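Visitor: below are the sequence and a predicted model; questions follow.
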Amino acid sequence: MKRKVWVAAMAVLLLAQQLCGCGEKVKEEKAASASESASGTALSNIFTGELEQNVTIQVLENDTAIEKGYFAELIQAFNEAYKDQGITAVDANMDQYLDLANDGPYGYGPDVLYQANDVIMQYAQGKHIYPLPVESMECYGQIPQTAWDAYKIEKDGSVYYCGVPVNVQAPMLYYRADLLPDDWENSWDKDKDGIPDMVQNWNDMYAFSLERHDADPSAYGYMKSLYDVYFSSGFLFSYGGYIFGNNNTDASDIGFAAGEAEKGAWVLEQLASAMNEECIDDTITTNAYSKLADGTYFATISTPDVYSSFLDEMVSEYKSEGMGEEEAESTAKENLIMTTLPKLPESGDLTEENPKLTDSKMMGGINAYAVSAYTKYPNACLAFINFATGYDMMVKRSEMLGIAPAREDAAKEAGGTSELLYQNLENGNIILMPSIKEVSQIWTPGQTFFTDLAKDAFRAENEKKYPDLESLKAGLEEVDRQIYDAVYTLK
């Protein structure tokens with residue numbers, strides 16, 4: 001980017017620092033030092049394209065990418081490609097959820113970090129992250145504007161981006177193909193499209209869950225903790241709810257109760273009635289890998305980046321039943337299916353026959369790489385990100401981790417659910433988690449409501465807290481009030 005662009009960009013970050021601050025005096029002084037090195041004329045010389053020589057950059061990656069061996073392959077490939085420039089990337093060997101805002105000013109933190117948009121953009125507001133010359137990067141034209149927007153800062157008519165999107169995160173349905181009824185093609189494929197009805201719409205999933213549990217009280221169909229706001233809120237969005245107004249930038253406009261969001265809450269309450277009381281807290285979430293693997297659960301929802309964890313658990317289960325490694329892995333890959341979420345009935349009634357269906361919306365996020373404002377090697381960092389977000393590494397990341405690449409060409413190459421998830425992002429069915437700090441106030445009120453909702457499924461009729469749509473609406477309006485108070489009144 002041109003010199004004047006970077007000067008303007010720094011103005012954005014300086015303003016953000018005035019608003020956010022760093023706390024104690026020593027941190028303010030060190031942050032101010034970083035600010036001076038990244039401001040005005042100095043910032044225009046940061047991303048010069050001239051690589052720093054004989055340097056080591058610390059990279060903070062996703063825990064799963066490390067555990068599954070992808071990060072080691074990425075590091076090895078990058079270091080080989082840049083060995084002539086004397087640039088070496090290493091694992092930062094830090095907690096994935098390091099607090100850069102508090103630790104960065106002390107000089108403790110990575111040069112490059114991988115995080116979700118809500119985390120990175122809160123760092124950007126505090127001037128802990130550099131805006132990047134993304135238009136010069138190889139991946140720029142392959143990533144949709146929707147993904148770039150998650151990392152956008154606007155100031156004085158100019159736009160800057162503080163992260164480079166890597167993958168799309170959103171809820172996906174996981175299910176076991178080998179747990180389908182033997183006659184599913186006759187009894188659970190009404191439209192004869194070769195896909196089981198229960199994974200295409202929630203009405204049939206609900207009916208199948210009841211049938212499976214009735215046949216075997218120890219077995220369940222769909223299971224998921226309602227407690228988890230990230231997953232449960234999508235049911236509200238599907239009927240007109242939202243988090244914040246003005247594309248999730250106006251925290252004074254809170255919309256969990258907007259539209260007919262109460263229908264989404266009703267859907268959740270009905271689904272809970274086909275589960276057990278573990279759906280009240282987070283138990284199902286922690287048990288999902290093993291319970292899906294041993295056949296207790298038929299289906300659950302989680303994010304694409306944990307596909308390999310589900311697969312590993314199933315391989316172990318098959319091996320415990322006597323299969324060899326190769327057969328167990330092949331069988332697990334054949335039977336573990338990850339797909340997009342089923343459609344919802346417009347009425348919200350899961351018992352309705354021949355319902356008119358609508359797409360499920362869901363809360364999602366964009367994970368990205370960013371460059372710490374405290375790094376001494378910004379150009380080497382940018383080179384690493386450019387390499388890591390290249391087509392080859394994105395395809396490999398998808399193959400090894402099951403993620404949905406933010407790059408369109410890599411998503412097409414991955415095919416299947418990655419391409420479907422990418423299309424969901426483009427079609428507006430993935431509601432990106434807000435990138436403003438106020439998002440931190442939505443979780444506790446949301447968890448309280450969804451916990452009560454789950455409890456209702458196990459209460460006597462005369463003890464239910466939410467017996468009808470009107471009471472569900474009132475409950476969601478109370479959630480909105482609690483969030484507003486947390487943001488504005490109870491500071």
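Guide: Here it is on my side, so go on. These numbers were taken from a predicted model, which means no experiment stands behind them. Numbers count the residues shown, from 1 in each chain.
Visitor: going by C-alpha atoms from here, please, whenever you check contacts or count neighbours.
Guide: OK.
Visitor: can you give me the neighbour number for residue 182?
Guide: Neighbour count for residue 182, taken as other C-alpha atoms under 10 Å: 9.
Visitor: and residue 194, what does it touch?
Guide: Each residue near residue 194 by C-alpha atoms under 8 Å, 6 or more residues apart in numbering is listed here: residue 185.
Visitor: and it, how far from residue 231?
Guide: 28 Å (C-alpha to C-alpha, to the nearest Å).
Visitor: check residue 369 too.
Guide: Distance, residue 369 to residue 231, using C-alpha to C-alpha: 24 Å.
Visitor: do residue 350 as well
Guide: Counting by C-alpha to C-alpha, the gap from residue 350 to residue 231 is 18 Å.
Visitor: equivalent analysis for residue 104, please.
Guide: 32 Å.
Visitor: ok, now residue 320?
Guide: For residue 320, the distance to residue 231 equals 32 Å [C-alpha to C-alpha].
Visitor: and residue 93, by the same measure?
Guide: From residue 93 over to residue 231 (counting by C-alpha to C-alpha), the distance is 30 Å.
Visitor: how many neighbouring residues does residue 129 have?
Guide: Neighbour count for residue 129, taken as other C-alpha under 10 Å: 26.
Visitor: next, count neighbours for residue 326.
Guide: The number of residues packed near residue 326 is 11, by other C-alpha under 10 Å.
Visitor: on the three-state scheme, it is what?
Guide: helix (DSSP: H, G, I helix; E, B strand; the rest coil).
Visitor: got a list of what it touches?
Guide: No contacts exist for residue 326 under C-alpha under 8 Å, 6+ apart.
Visitor: try residue 484
Guide: Neighbouring residues of residue 484 by C-alpha under 8 Å, 6+ apart: 251-252, 254.
Visitor: I'd say residue 148 and residue 165 touch.
Guide: Yes - Residue 148 is within contact range of residue 165, at 6.8 Å (criterion: C-alpha atoms under 8 Å).
Visitor: neighbour count winner among the two?
Guide: Just comparing residue 148 and residue 165: by other C-alpha under 10 Å the higher neighbour count belongs to residue 165, 30 against 21.
Visitor: and residue 3, what pLDDT?
Guide: As predicted, residue 3 sits at a pLDDT of 35.
Visitor: among the contacts of residue 484, which are located in strands?
Guide: 251-252, 254 (DSSP state E).
Visitor: would CSV of those residues with neighbour count be doable?
Guide: What follows is the ones in strands among the contacts of residue 484, written out as CSV (neighbours: other C-alpha atoms under 10 Å):
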residue, neighbour count
251, 20
252, 16
254, 21
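Visitor: need those in CSV with distance to residue 57 and pLDDT, can you?
Guide: Output for the ones in strands among the contacts of residue 484, formatted as CSV (distance: C-alpha to C-alpha, whole Å; pLDDT from 0 to 100):
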residue, distance to residue 57, pLDDT
251, 37, 95
252, 40, 96
254, 41, 97
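Visitor: for the residues you listed, which one is nearest residue 241?
Guide: Ranked by distance to residue 241 (C-alpha to C-alpha), the ones in strands among the contacts of residue 484 are led by residue 254 at 9.1 Å.
Visitor: quickly note the distance from that closest one to residue 439.
Guide: Relative to residue 439, residue 254 is positioned 11 Å away (C-alpha to C-alpha).
Visitor: same question for residue 487.
Guide: On the measure of C-alpha to C-alpha, residue 487 and residue 439 end up 9 Å apart.
Visitor: again, but for residue 334
Guide: Distance from residue 334 to residue 439, by C-alpha to C-alpha: 39 Å.
Visitor: those two: which is more packed in?
Guide: The neighbour count for residue 334 versus residue 439, taken as other C-alpha under 10 Å, is higher for residue 439 (19 against 12).
Visitor: where's that one relative to residue 250, distance?
Guide: Where residue 250 is concerned, residue 439 sits at a distance of 11 Å (C-alpha to C-alpha).
Visitor: check residue 338 too.
Guide: 34 Å.
Visitor: point out where the stretch 301-450 of the chain drops to low pLDDT.
Guide: Counting by pLDDT under 70, the stretch 301-450 of the chain shows no low-confidence range.
Visitor: all helices in it, in order from the N-terminus.
Guide: For the stretch 301-450 of the chain, the helices defined by DSSP state H, counting those that start in this stretch cover 307-320, 325-335, 378-388, 391-401, 408-414, 416-426, 443-456.
Visitor: between these, which one is nearest to residue 226?
Guide: Closest to residue 226 of those is helix 443-456 (C-alpha to C-alpha; 5.7 Å).
Visitor: for residue 193, grab the count of nearby residues.
Guide: 9.
Visitor: helix/strand/coil for it?
Guide: Assigned with three-state DSSP, residue 193 falls in the coil class.
Visitor: pull out the buried positions in the helix or strand encompassing residue 186.
Guide: Per DSSP states H and E, residue 186 falls inside helix 184-187. If you call a residue buried by 16 or more other C-alpha atoms under 10 Å, then helix 184-187 has these buried ones: residue 185.
Visitor: ok, and what's touching that helix?
Guide: Residues contacting helix 184-187 (C-alpha under 8 Å, 6+ apart): 192, 194, 196.
Visitor: count the residues that sit near the last one.
Guide: The reference is to residue 196. For residue 196, using other C-alpha under 10 Å, the count is 22.
Visitor: what distance do you get for it to residue 124?
Guide: Taken as C-alpha to C-alpha, the span from residue 196 to residue 124 is 45 Å.
Visitor: so the nearest residue to residue 369 once chain neighbours are set aside: helix, strand or coil?
Guide: The shortest distance from residue 369 to any non-neighbouring residue, by C-alpha to C-alpha, 6 or more residues apart in numbering, is to residue 114 (4.5 Å). Under three-state DSSP, residue 114 falls in the strand class.
Visitor: surely residue 114 meets residue 63?
Guide: No - counting by C-alpha under 8 Å, residue 114 does not reach residue 63; the two are 10.1 Å apart.
Visitor: and stretch 322-336, how far from the chain's centre?
Guide: Averaging C-alpha positions (C-alpha atoms, centre = their mean, to the nearest Å) puts stretch 322-336 28 Å from its chain's average.
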